[in-house]
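Colleague: Prediction below, plus the sequence it came from.
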Amino acid sequence: MAVVKMTTYGELPAVHLTAADGAQATVSLFGAHLLSWKTGDGQERLFVSSKTPLDGSKAIRGGVPVIFPQFNVRGPGLRHGFARISNWRLTGQGGDGGSSYVEFSLAPQDLAEEHRLAWPHAFALTLRFTLHGDALEMDYSAHNPGAQPFPFGVALHTYYDVGHLDATSISGLRHQQYTDHHNNTRVQDYPALHFTEKHDRMYEVTPNVTLNTANATLRLEQQGFEQWVVWNPGQEDAAALVDLADEEYLNFVCIEPARIHQQPLAAGATWTGKHKISV
Ligand SMILES: O=P(O)(O)OC[C@H]1O[C@@H](O)[C@H](O)[C@@H](O)[C@@H]1O
């Protein structure tokens, strides 16, 4: 049987889910932010920076930041949106035989006044985390209960604990088109992406990909999103991030299912996206 308990992570109120097989997830209400996912064997799968604030003063560096209503600076508002720095509500929990879940929601009344005034649209977000054996599923939805369309972008900015970058690669992206941080658009003509320098790439199509690390092979699947963003800051950019220790860029990669361009959500419509990670 699944067990759901309130806990704290740093100074943040959080929800801890333990599945029948021992898999665990910890999600802070701040950002509906998944901070830890351990499979039944006790192995941590996510990276969290040793320098990140964990007091609600700033977005968390690590885990799974939830991006809405804009990706990065692709929109007029806050970089990566306000969802990752807002307090969500725990609105569901449960499970059946093999799976257990917790669900979180965010609506305008949950926002700090400055964000509500800056983005005055009716919206309802839900995010469900489901543990199912050695897999984690994130079901994300954005609903427009208002009378006017609004533009939005979304992503699940997943930071994977890779042990060491030297032993890490991503396969499944050969022949896929990407745009890099110099704004060059190319087609990847080699089978596996290795991390020898900074990478900040947006792959335009959405095949499933495989993350290979020294200790694990993770299969990543997405539905409803439109890109994979692959990010590791490299040594120089990492040194400029105050919420990341200088050498920690060697310990993670971000692989993010995303819908990076802001597109309208019609009145009454709902967008849904799924991200599944299997070990
Ligand atoms: O520092 P932030 O706001 O969490 O963003 C981290 C990174 O997020 C990635 O998704 C972007 O592609 C990068 O360009 C960005 O640097």
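Modeller: Yes, it's here. Numbering: from 1, shown residues only.
Colleague: how about the helices of this structure, start to end?
Modeller: 113-118, 234-239 (DSSP state H).
Colleague: I'd like to know the beta-bridge partner residues of the residue nearest to residue 99 when sequence neighbours are not counted.
Modeller: Distance criterion Cβ to Cβ, 6 or more residues apart in numbering; nearest residue to residue 99, sequence neighbours excluded, is residue 132 at 4.1 Å. Yep, even glycine has a C-beta here, placed from its N, CA and C like the rest. Judged by DSSP bridges, the bridge partners of residue 132 are residue 99, residue 135.
Colleague: Give the burial count for the residue nearest to residue 272 when sequence neighbours are not counted, as a bare number.
Modeller: Closest residue in space to residue 272, ignoring its immediate chain neighbours: residue 141 at 4.6 Å, by Cβ to Cβ, 6+ apart. By the other Cβ atoms under 10 Å criterion, the neighbourhood of residue 141 contains 17 residues.
Colleague: So residue 141 sits against residue 269, correct?
Modeller: No: using Cβ atoms under 8 Å, residue 141 makes no contact with residue 269, being 10.7 Å away.
Colleague: sorry, back to before: nearest to residue 41, of the helices of the chain?
Modeller: helix 234-239 (29.5 Å; Cβ to Cβ).
Colleague: Now the closest one: buried residues?
Modeller: 234, 238 (16 or more other Cβ atoms under 10 Å).
Colleague: Against residue 231, how distant is the nearest residue to residue 236 once chain neighbours are set aside?
Modeller: Nearest residue to residue 236 in three dimensions, chain neighbours excluded: residue 198, at 7.1 Å (Cβ to Cβ, 6+ apart). Using Cβ to Cβ, to the nearest Å, residue 198 is found at 9 Å from residue 231.
Colleague: and if you look at residue 199?
Modeller: 6 Å.
Colleague: what about the residue of the stretch 151-279 of the chain found nearest the ligand, neighbour count?
Modeller: Closest approach between the stretch 151-279 of the chain and the ligand, counting by Cβ to the nearest ligand atom: residue 231, at 4.3 Å. By the criterion of other Cβ under 10 Å, residue 231 has 20 neighbours.
Colleague: Up against the ligand, what does the stretch 151-279 of the chain have?
Modeller: Counting by Cβ under 6 Å from any ligand atom, the residues of the stretch 151-279 of the chain close to the ligand are 157, 200, 229, 231, 256.
Colleague: Neighbours of residue 5, how many?
Modeller: Residue 5, neighbours per other Cβ under 10 Å, totals 10.
Colleague: so who does residue 18 touch?
Modeller: By Cβ atoms under 8 Å, 6 or more residues apart in numbering, the contact set of residue 18 is 2, 3, 5, 24, 100.
Colleague: now do residue 83
Modeller: Contacts of residue 83 by Cβ under 8 Å, 6+ apart are 31, 32, 66, 67, 68, 69, 106, 125.
Colleague: mind giving me a markdown table with the helices of the chain and columns for mean pLDDT?
Modeller: Putting the helices of the chain into a markdown table (pLDDT from 0 to 100) gives the following:
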| stretch | mean pLDDT |
| --- | --- |
| helix 113-118 | 97 |
| helix 234-239 | 98 |
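Colleague: Please identify which of those is closest to residue 136.
Modeller: The nearest among the helices of the chain, by Cβ to Cβ, is helix 234-239 at 26.1 Å.
Colleague: List the beta-bridge partners for residue 38.
Modeller: residue 24, residue 44.
Colleague: Would you confirm that it contacts residue 45?
Modeller: Yes: applying Cβ under 8 Å, one finds residue 38 in contact with residue 45, separated by 7.0 Å.
Colleague: Good, wrapping up.
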